[in-house]
Structures are given as structure tokens and as C-alpha cells.
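Q: Curious how this folds, go ahead:
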Amino acid sequence: RAAVAAAAADKAGAVLARTVVVVGAGGPLMRRVTRELVAVPGMRVRAVLAGDAASAADSDSEQWPAERGPGAGDAGAEEEAGEGAGPGLFELQQVPQAQRFAVQRATEDADAVLVCMVDGQDRGRCLDETSALRWVDGAGGAEPRAGGSRSELPVPLADVDVAGRLVVLASAQGTQRVDRMPFSLRNVMGGLDAWRRVEQQLALGSKTKGHDYTVVHLGKLQAGAGPATGAGASAAPAVQVAPGDNFDNPCTVPAAAACLARVLRGCHPEVRNATFSLATEGGRGATGPVPAAVWDDELLKCRGPELLRLPVSGPGDPASVQKRAAQWLREFARSWLKKGAGLPTRVTVEEMPDGAKLVFLKSGYEYSKGWDDDEDKGKGDQQDGKKGGDEARDRRAAQAPGKGQPDGALELLADAAPVPRVRVRRADMEGGATVKATSEAQILARLQKELPKSFTV
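A: Numbers count the residues shown, from 1 in each chain. Reported below is the predicted structural model:
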């Protein structure tokens, strides 16, 4: 997946996905996303109305694109001509009962699938948990069948290769924070818990079936339609992206749709197998399109993911400021090698052209089976004395085969564009690396404290 993502990164902005399926209850977000996609030449878009509340009525301010299938006009010539021949193809289907074979039939030829679990302020335009689970599960293809056994379903599921398929879930903010206010109040009836279960099923299905996934947390969706004249009427809204579930801010429908359309087209490989939150500022009067460069920079935060971003300034042009910041980051990274630095995890330092990488090392306790088990510790106390449990744990850790091996890292980077800045992001997290939350917090806190002594932050 990393190789595919790296190759796709060089083609950012190009249409990598050709067939996209958008699933939902027909709300304004779903309609706007289909319009964004159909406007791209060469795209084939299928909108599937799902759930009992699904409706194709045109009562919303957002309208469906005009249906345009292979038999409409010169569509056949369009397929031969490729992307430059005209607008994409569009069809509208209705599948109120999401049976597994019906779901797969609707999505089997898709390069990317969007499931609009939340869509606007009307809960009637949100998919219920059962319907969303069926679409999320079915969009990932059939479960691999051991030994080639036949499916027991009335209509056998085809063995569809879903490698490389991207399944995107539009979810709500707060599903991962139901233990905090105000989300605990919003979860009184269990709505956020239900949506979180759908998110978890999507991530689990990606591991067992081989497809990629993205979860986008959206706040209260605003129409984003302001007056035709007046200050800010044509300005682009200020969009903000954060990895994970981090915001409690509204988002305009046009901005959310533009972001989802870019993700579905494959313009941002860094969001594959990631979760991020999207919010906008600027009010309903900010209706202009968000520049592609802004999306590129904001969604870059999903690579790693990014933990910190601080603009810096100083004497000289941006290139010279970046060069000094990169050298400062190398010295800052090496300072953690000194005795008594206080970091709970051992690290090594690798210099990079734009900064440095702090590589965490395994302590051995990850492989020390039962080191925190009270019963085992008690046996150690009886055999080795009062502190026997801790000593037994230390012996097992010292003998662990993985001790001293890399276990994740933090990259400290200095950029010259779009503005001089310092970024910190996780790296080398493949293979089940452990997140060093305490060590990361200490590094970030000290960096934010010491950086302003050398640069204007």
C-alpha cells in the first residue's frame, strides 16, 4: 500500500478513480458530492439511495445532476475519447433494502465508494446503524471463503478483487469522545455509539478484505449559501483539517463535498487508512471554491499523522529561515541523547535533509509476558524476595529478542513553503509499532517551549 500511495502522490490532482459509487439517503451532502464528481471529465458516478428514508425528491436546495448513462447522446464516443470528452456519466438507483448481494451488485465495479452516514441537519437523511453497516461491509467485497467453499446466500457473491478500492465513510464529530462533554449529552440515546461501531467495522473490514478506508468526521453541516453580493460573498471558507476526531465546529456543505470528492478521486493518497476531522470558518457568506493548494496542505496532516505545526519567522528569506530551523531541529533531537534527558523511551537520532528523526527503541517489556500480572509478580516475591516481581520483569525484558529494535519514530521537519514552519509527525508506524504517548508529549512540550527562544513563533 505504501508503494501505491507513493506513486499516486506524484499524480496528485489527476483522476485516479474512474468509477465512484455514492451511497446515502439523498441528503444535500450526497447530492453535492455527486455534482462535484460528475463535473470531472471521464468520471462515472452512481448515486444509490439507501434506507427506508431514501427519497429522490428534489425538495433540497442541492439538486441531482442530470442522468447521463452510456446510452445517452454521444456517451459511447465519450468513452472512446477519454477524460477530455465532456462531463462524466451519472445514474441514480434506489436500494431501500440493503441485502448483501444487492449491495455488492451496486458497488462491484467501483474504484471508490462513499457512504454518507450523516448528511445535513435532518436525521431523516442519516443512515441508521443497520443500513450503514450493511453498506460498509458490502462495499468491501465478499469475505474470503476458506477452501473455496460456496456461499450459502440465495445469490452467491462474486469474488471481486477489492485491492486498491477506497471506502469512505462520512461520519459525525464526537464518536470517539463520548466520555466528554458535550458529546456525552449528544450520545444519550446512543447515536454516537452506533456510528462508532460502523467506523470500527469499516476499519476491521479493510484488514480482512484488503481494501483501503477513510473516515471523515463532519460537524453540523451548513448550507454555505450566502448573498450574491456583499463582503465575503465570493471568498473561500477557511478550511481546517485535523487527524482523528478533534473538532466541534460546523462545516459548509460545499466545502465538505469538495473535500470528499477529492478524496474519492484519489488526489490525496495520504488519507488512505486514516481518520480526519473537517471544519470551516467564514460563515454562510463564504461560498467560493477552496483552492487545490489549500486542500493539499491541510490534508498533508494525515500523513503520519501530523502532531504539531508551528509557523516560524526570522531574519532573511524563507529558504534561510528554513535552513536555520532544520539545523535547530537536529540539535534539538540530539539533546535527547544526553544522559538525564528524562525521556521514558530510549531513542536514536537520524539526520534528515529538512530536520531530524527521533527513532524510538523497544525496551523489551513489550515481549515480557505477564510482567504486569499480579499472580506472576507474587510468585516472584516468594522466590526472590519483596522486590522479586520487579526483578523478574526486568530479567524477562532484558532477554526479550526485540529489545533495542526500532518501534516507531517522530520526524521533526522544517518547511520553507507555503510559509516557513516546523512540523512534527509520526513515522515508521507499520508492523504494529506502539504509540509512545508519554514520550511524544514530553518532546512536543519542550519543543514548543524552546523554539520561541530562537525563532518568532
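Q: So which residues of the chain form helices?
A: With DSSP state H as the criterion, the chain has helices at 2-9, 28-38, 75-81, 100-107, 129-139, 183-186, 191-209, 253-265, 292-299, 318-334, 374-384, 388-399, 437-450.
Q: ranking the ones you listed by mean pLDDT, which is last?
A: Taking the average pLDDT of each of these, the minimum falls on helix 75-81, with a mean of 39.
Q: re earlier: reformat the helices of the chain into a markdown table and put distance to residue 429 and mean neighbour count next to each item.
A: For every residue, glycine as well, the C-beta is placed using N, CA and C. Formatted as a markdown table, the helices of the chain follow (distance: least, Cβ to Cβ, whole Å; neighbours: other Cβ atoms under 10 Å):
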| stretch | distance to residue 429 | mean neighbour count |
| --- | --- | --- |
| helix 2-9 | 11 | 12 |
| helix 28-38 | 30 | 25 |
| helix 75-81 | 41 | 13 |
| helix 100-107 | 30 | 20 |
| helix 129-139 | 24 | 24 |
| helix 183-186 | 27 | 14 |
| helix 191-209 | 15 | 18 |
| helix 253-265 | 21 | 25 |
| helix 292-299 | 18 | 17 |
| helix 318-334 | 18 | 19 |
| helix 374-384 | 30 | 13 |
| helix 388-399 | 22 | 16 |
| helix 437-450 | 12 | 15 |
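Q: Of all these, which one is nearest residue 361?
A: helix 437-450 (10.8 Å; Cβ to Cβ).
Q: Which neighbouring elements make contact with the closest one?
A: Secondary-structure packing of helix 437-450 (3 or more Cβ pairs under 8 Å, 6 or more residues apart in numbering; DSSP states H and E): strand 306-311, strand 406-415, strand 421-427.
Q: so what does the longest one touch, helix or strand wise?
A: Helices and strands in packing contact with strand 406-415 are listed as helix 318-334, strand 355-361, strand 421-427, helix 437-450; criterion 3+ Cβ pairs under 8 Å, 6+ apart.
Q: repeat that for 6 Å
A: When contacts are defined as 3 or more Cβ pairs under 6 Å, 6 or more residues apart in numbering; DSSP states H and E, strand 406-415 sits against helix 318-334, strand 355-361, strand 421-427.
Q: what are the pairing partners of that strand, and which direction each?
A: strand 355-361 (antiparallel), strand 421-427 (antiparallel) (DSSP bridges).
Q: hey, C-alpha coordinates of that strand in PDB?
A: Below are the C-alpha coordinates for strand 406-415, written out as PDB (Å, rounded to 0.1, in the frame of the first residue of the first chain):
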ATOM      1  CA  PRO A 406      13.000   0.400  16.200                       C
ATOM      2  CA  ASP A 407       9.500   0.900  17.300                       C
ATOM      3  CA  GLY A 408       8.100   4.000  15.600                       C
ATOM      4  CA  ALA A 409       9.500   7.400  15.200                       C
ATOM      5  CA  LEU A 410       8.900  11.200  15.200                       C
ATOM      6  CA  GLU A 411      10.000  13.300  12.300                       C
ATOM      7  CA  LEU A 412      10.900  16.900  13.100                       C
ATOM      8  CA  LEU A 413      10.700  18.800   9.800                       C
ATOM      9  CA  ALA A 414      11.300  22.400   8.700                       C
ATOM     10  CA  ASP A 415       9.400  23.700   5.600                       C
END
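Q: quick one: it to helix 318-334, angle?
A: 150 degrees (axes from the mean of the first three to the mean of the last three Cα atoms, to 10 degrees).
Q: One more: the first one?
A: In terms of direction (the same axes, to 10 degrees), strand 306-311 departs from helix 318-334 by 130 degrees.
Q: Where does pLDDT dip in the stretch 51-200 of the chain?
A: With pLDDT under 70 as the threshold, the stretch 51-200 of the chain has low-confidence stretches at 51-61, 68-86, 98, 120-124, 141-163.
Q: Adding distance to residue 307, write the helices of the chain out as TSV.
A: Formatted as TSV, the helices of the chain follow (distance: least, Cβ to Cβ, whole Å):
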stretch	distance to residue 307
helix 2-9	20
helix 28-38	29
helix 75-81	45
helix 100-107	35
helix 129-139	28
helix 183-186	22
helix 191-209	21
helix 253-265	21
helix 292-299	15
helix 318-334	14
helix 374-384	35
helix 388-399	27
helix 437-450	6
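Q: so which of these comes closest to residue 407?
A: Residue 407 sits nearest to helix 437-450 of all the helices of the chain, at 10.7 Å, using Cβ to Cβ.
Q: So which residues make contact with the closest one?
A: The set of residues external to helix 437-450 that reach it, using Cβ atoms under 6 Å, 6 or more residues apart in numbering, is 308, 343-345.
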